[in-house]
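Asks: just the structure for this:
(chains A and B)
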Amino acid sequence: MVKIALISCGTEYSGIQKEIEKAATTFGAEIIIPEIDLEYIDEAYEKFGFSAQSSSLKLMIARAMSIVEGKSKTDAVFIATCFRCAEGALVRNEVRRFIQENTRIPVVTYSFTERTKADELFIRMEALATTVARRSILAREKQEGLTLGVDSGSTTTKVVLMENNKVIGTGWTATKDILGSVAKGADEAFEGTGYSMDDIDGIGTTGYGRLTIGRELKAELIQEELSVNAKGAVYLSGHQKGEATVLDIGGMDNKVITVNNGIPDNFTMGGICAGASGRFLDMTSRRLDVDITELGPLAMKGDYKKAMLNSYCIVFGIQDLVTTLAAGGSKEDVAAAACHSVAEQVYEQQLQEIDIREPLIQVGGTSLISGLVKAVSETLGGIDVVVPEYSQHIGAVGAALLVSGMGKRQEK
Amino acid sequence: MVKVAIFPPNSLILADLIERKGHEALALQKAIRQKVKDPDIDSPPMNITEEDPIKGLKYAAIEVPSGVRGRMSIIGPLLDEAEAAIIVDDAPFGFGCIGCARTNELAIFYLRKGGVPTLELIYPKTKDETTDMVNKINTFLDSLSLSNDSNEEKNAKNGENDVKEENNG
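Replies: Numbering: from 1, shown residues only, chains lettered A, B, ... in the order given. Down below sits the predicted model:
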């Protein structure tokens, strides 16, 4: 059983201890608390050098130190502190860095409230358990043979065919009947390559529909999108070593993943407000009567400050844009304002929850909207935003890459 | 007997000193024990559920981290009951702690604001300081006994008067 060490400032006082344990058990893992002596707390705390006022944070530091010094044995670490606690957030990030710099133990961090439920923790626990159980697979940096990656998302299905470390075919289709969508995407990916399903060495699936599709296609790898997308992003952007942040502004939800040496260590996912998603840009392009592919270049020419946009809401926001157009505002300015609004909301609602590490790799369909990429960069103070080739197929590429280390299906 | 709140709220030493003088220590352990014993709740290790941080809203607003509100949901009612308080600042782990500096600040503030007789001390570093601290605590507890006795006497007298008045009535 995978042992996950819980390092926290008191999840038991927020009433969520049971939820954390439930999430771990679901993925065949067990929560352990590193036991340490009272004397060791002061010793470790002084050695670490962070002057924390809260004694639970000192205890967190000491527990992290005991893992790094080999006094406590664990396969993975889950670091959690209260949401909205500044001191907790500082210690959480420093402890995470400390463990990552000094061990190869996978770490995931989380800031919780009393409303945190096991469901919210599932994907993190699954990622931790996966990272431990499949470390050798995640270490893969090069694709070999002929593999197919399938990302069955809530809005679109992406299929990628890779051969000897190159993408040779891609398919992209709206997710309707999930198996039918995969078949359609696969047909697109195979087109012109001369290959068919019978020639494939291995299939990897990810995304919401990964289990159903994985069973149907007898996939060698069925893996959650957190580790697969992160791997795909760092692989395509050439940042497999060191730290990075992966941003995916999706059609229905947004993901921000921080990565260390290709392995995800923190993750935030939002999906409450459509105004902060790709859907808002889709509606804007329809209102401007331009194809979504034209929205980005249009926004690049505009100035968001010239368009009135007082609301983040998808309904009132669009009304504001219509008012701007009616008052003689330009399409370019409106497109720029829409992109800026989405970037600003993602920043305010999600990016602030996470410790952003450069480079920022933007992926997913919306990463092709150049105006949005520019707006994200501006919102983050002008940092470089990397958009790799095939950024819209990131999950499928990650799955095709990871499955390539699992042998040939014809030989099994 | 006076109900004495303590800080740190789980200090066994403070609770013991108070009980030796015949007062009631408002210690965290008793509140936790009650929760743990509750057979209806199954949320180990302390049976604190998501409802407790919401109860903590009485002491801290929603923007305050859930860990502070969860702690205050247990400590707060003890502070409300306090008729006197002993606060020991800068105490090490072994003396007692609740782990969160923000909760410490809030709990101490509530005690000070409560206007009950309060003894504030700094945790001793030498043997002499330790003796001094224990003496101060004992003197404080004795003074509570005296004032409590005189209050009780006063109440008893008032009671007699009440009875008399009733009789007269």
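Asks: hmm, who's touching stretch B:20-39?
Replies: B:1-6, B:9-12, B:14-16, B:18-19, B:41, B:45-48, B:74-75, B:77-79, B:81-82, B:84, B:98, B:138, B:141-142, B:144-145 (CB atoms under 8 Å, 6 or more residues apart in numbering or on different chains). Where you see a C-beta, it was placed from the backbone N, CA and C, and this is true even at glycine.
Asks: which of the residues you listed fall within helices?
Replies: Among those, the ones falling in helices (DSSP state H) are B:12, B:14-16, B:18-19, B:74-75, B:77-79, B:81, B:138, B:141-142, B:144-145.
Asks: list only buried entries from these.
Replies: B:L14, B:A15, B:I18, B:I74, B:I75, B:L78, B:L79, B:L141, B:L144 (16 or more other CB atoms under 10 Å in any protein chain shown).
Asks: reformat those as JSON lines; add distance to A:I257 and pLDDT.
Replies: Listed next are those as JSON lines, based on distance: CB to CB, whole Å; pLDDT from 0 to 100:
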{"residue": "B:L14", "distance to A:I257": "47", "pLDDT": "97"}
{"residue": "B:A15", "distance to A:I257": "48", "pLDDT": "96"}
{"residue": "B:I18", "distance to A:I257": "52", "pLDDT": "97"}
{"residue": "B:I74", "distance to A:I257": "36", "pLDDT": "94"}
{"residue": "B:I75", "distance to A:I257": "38", "pLDDT": "95"}
{"residue": "B:L78", "distance to A:I257": "43", "pLDDT": "96"}
{"residue": "B:L79", "distance to A:I257": "43", "pLDDT": "95"}
{"residue": "B:L141", "distance to A:I257": "57", "pLDDT": "96"}
{"residue": "B:L144", "distance to A:I257": "58", "pLDDT": "92"}
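Asks: now for chain A, the helix or strand with the poorest mean pLDDT.
Replies: In chain A, the helix or strand scored least confidently by mean pLDDT, DSSP states H and E is strand A:263-270, which has a mean of 76.
Asks: keeping just the C-alphas, turn that strand into PDB.
Replies: Only the C-alpha atoms of strand A:263-270 are listed here, as PDB (Å, rounded to 0.1, in the frame of the first residue of the first chain):
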ATOM      1  CA  ILE A 263       5.800  15.600 -12.000                       C
ATOM      2  CA  PRO A 264       2.800  17.600 -10.800                       C
ATOM      3  CA  ASP A 265       2.900  18.800  -7.200                       C
ATOM      4  CA  ASN A 266       0.000  21.200  -7.000                       C
ATOM      5  CA  PHE A 267      -3.100  21.700  -8.800                       C
ATOM      6  CA  THR A 268      -6.100  24.000  -8.800                       C
ATOM      7  CA  MET A 269      -9.200  23.600 -10.900                       C
ATOM      8  CA  GLY A 270     -12.100  26.000 -11.200                       C
END
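Asks: quick check: buried residues in it?
Replies: Neighbour count says strand A:263-270 has A:I263, A:P264, A:D265, A:N266, A:F267, A:T268, A:M269, A:G270 buried, by 16+ other CB under 10 Å.
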